[in-house]
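Enquirer: this one's structure only:
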């Protein structure tokens with residue numbers, strides 16, 4: 001039976017711009033417009049505009065909202081000021097990753113949690129079960145759109161579209177309420193590209209207005225619409241994890257290089273006991289970055305080999321347009337995780353040389 005794919009409110013905009021659409025996490029989404037390499041370059045050198053309205057948004061409000069969400073994620077939500085955000089993971093009781101999230105403290109006891117599209121129902125159910133009935137909890141994903149304006153010219157474009165200084169002066173991982181072209185929005189200085197930029201939340205029915213206004217204001221700056229293809233190469237160069245590839249319910253934060261978002265020395269949270277034990281015991285494997293030294297492109301699922309044996313699997317891999325190398329991520333035994341360790345990637349039956357390198361591959 002054919003899967004019925006959902007579409008964002010910007011679907012007609014994408015079609016008018018010549019986007020190639022593909023199924024992604026139950027949605028029909030633009031994978032590219034002019035081409036992945038060109039779009040990648042636009043974000044690195046100028047600016048790009050993404051429709052990421054497929055992401056999930058959960059709103060938690062009421063007395064003790066902060067403490068309640070703090071008990072469901074690994075990072076310390078209690079330290080968030082109003083108007084501040086943090087990156088975190090949400091784990092199960094065994095310390096394995098249910099999803100990676102960004103938590104925004106919009107008001108004193110009002111939090112916005114953004115989760116991955118593929119995990120929206122899972123995370124919403126997880127939160128509902130653990131939050132109980134004392135708080136207001138709403139999955140607002142169907143009512144809100146999310147646009148991402150990313151790249152070195154993002155702030156100038158925001159200024160030209162008439163955004164107030166409260167927006168253009170936002171520090172990283174800060175969020176504020178504003179108005180853009182008459183539309184009420186929440187704007188955060190966050191993103192998934194390794195570049196400066198903003199993520200803009202608005203009502204779905206207003207998203208076309210905001211999208212068009214940003215493209216118009218950005219035209220003199222070389223702004224381009226960007227698809228999911230370049231979003232993937234951009235995040236990989238910046239070594240930002242992709243759920244379902246680099247992290248999932250079979251991985252823990254420590255082996256994934258995300259131990260920095262686990263704050264054990266605070267109040268109880270789901271998975272804390274297990275994570276403490278995992279940290280004390282140490283992980284047998286590590287998620288490493290590698291670059292190909294032989295001719296070939298590593299792709300998700302390809303075997304990683306050493307001494308003629310498979311020792312791991314590529315979780316993410318592609319050309320890195322900015323770094324000019326074919327790059328990837330994958331889990332290998334701890335003994336093979338040191339920088340400079342030689343590996344092989346099996347590509348269509350042939351082993352191609354690779355080497356473990358320091359990440360991120362790209363840093364602005």
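Expert: Everything's here; your move. Everything numeric here is computed off the predicted structure, so don't read it as measured data. Numbering: from 1, shown residues only.

Enquirer: and residue 119, that's in a helix?
Expert: Yes: membership of residue 119 in a helix is supported by DSSP: H, G, I helix; E, B strand; the rest coil.

Enquirer: what about the stretch 1-150 of the chain, any weak spots by pLDDT?
Expert: 1-3 (pLDDT under 70).

Enquirer: Which residue ranges of it form helices?
Expert: Ranges of helices in the stretch 1-150 of the chain, per DSSP state H, counting those that start in this stretch, are 11-16, 36-45, 65-70, 120-131.

Enquirer: Which residues does the second one contact?
Expert: Read that as helix 36-45. 32-33, 48, 150-152, 193, 195, 222-227, 229-230, 233-234, 319, 321-322 (Cβ atoms under 8 Å, 6 or more residues apart in numbering). C-beta here means a position set from N, CA and C on the backbone, and glycine is covered the same way.

Enquirer: Need the phi and psi values for residue 305.
Expert: Reported as degrees, to the nearest 10, the phi and psi values for residue 305 are phi -130, psi 160.

Enquirer: Kindly reformat the helices of the stretch 1-150 of the chain as JSON lines containing distance to residue 144 and mean neighbour count.
Expert: Putting those into JSON lines (distance: least, Cβ to Cβ, whole Å; neighbours: other Cβ atoms under 10 Å) gives the following:
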{"stretch": "helix 11-16", "distance to residue 144": "16", "mean neighbour count": "15"}
{"stretch": "helix 36-45", "distance to residue 144": "23", "mean neighbour count": "21"}
{"stretch": "helix 65-70", "distance to residue 144": "18", "mean neighbour count": "21"}
{"stretch": "helix 120-131", "distance to residue 144": "12", "mean neighbour count": "16"}
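
Enquirer: between those helices, which one is nearest to residue 25?
Expert: helix 120-131 (8.6 Å; Cβ to Cβ).

Enquirer: Quick check: which helices or strands does the closest one pack against?
Expert: Helices and strands touching helix 120-131, by 3 or more Cβ pairs under 8 Å, 6 or more residues apart in numbering; DSSP states H and E, are strand 56-61, strand 97-107, strand 110-115, strand 136-139.

Enquirer: need those in JSON lines with distance to residue 124 and mean neighbour count, can you?
Expert: JSON lines is the format used below for these (distance: least, Cβ to Cβ, whole Å; neighbours: other Cβ under 10 Å):
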{"stretch": "strand 56-61", "distance to residue 124": "6", "mean neighbour count": "21"}
{"stretch": "strand 97-107", "distance to residue 124": "11", "mean neighbour count": "22"}
{"stretch": "strand 110-115", "distance to residue 124": "8", "mean neighbour count": "23"}
{"stretch": "strand 136-139", "distance to residue 124": "5", "mean neighbour count": "16"}
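
Enquirer: for residue 220, helix, strand, or coil?
Expert: helix.

Enquirer: Roughly how far does it sit from residue 5?
Expert: Distance, residue 220 to residue 5, by Cβ to Cβ, to the nearest Å: 35 Å.

Enquirer: So what does residue 296 have for phi and psi?
Expert: According to degrees, to the nearest 10, residue 296 has phi 160, psi 160.

Enquirer: Could you find the closest non-adjacent residue to it?
Expert: Residue nearest to residue 296 in three dimensions, not counting chain neighbours: residue 352, with 3.9 Å by Cβ to Cβ, 6 or more residues apart in numbering.

Enquirer: what is the mean pLDDT for the helix or strand containing that neighbour?
Expert: According to DSSP states H and E, residue 352 maps onto strand 350-357. Across strand 350-357, the average pLDDT comes to 98.

Enquirer: which neighbours does that strand have in its sheet, and in what orientation?
Expert: When sheet partners are counted by DSSP bridges, strand 350-357 sits next to strand 285-292 (antiparallel), strand 342-347 (antiparallel).

Enquirer: roughly how far is it from the heart of the chain?
Expert: Strand 350-357 sits 27 Å away from the centroid of its parent chain (Cα atoms, centre = their mean, to the nearest Å).

Enquirer: got the contact list for it?
Expert: For strand 350-357, using Cβ under 8 Å, 6+ apart, the contacting residues are 288-296, 298, 304-305, 328, 332, 336-346.

Enquirer: Can you identify each of the helices in the stretch 151-300 of the chain by residue range?
Expert: 154-160, 165-168, 207-218, 228-237, 272-281.

Enquirer: Tell me what the closest residue in space to residue 325 that isn't next to it in sequence is bridged to.
Expert: Excluding the flanking residues, the one nearest residue 325 by Cβ to Cβ, 6+ apart is residue 291, at 4.7 Å. Under the criterion DSSP bridges, residue 291 forms beta bridges with residue 327, residue 355.
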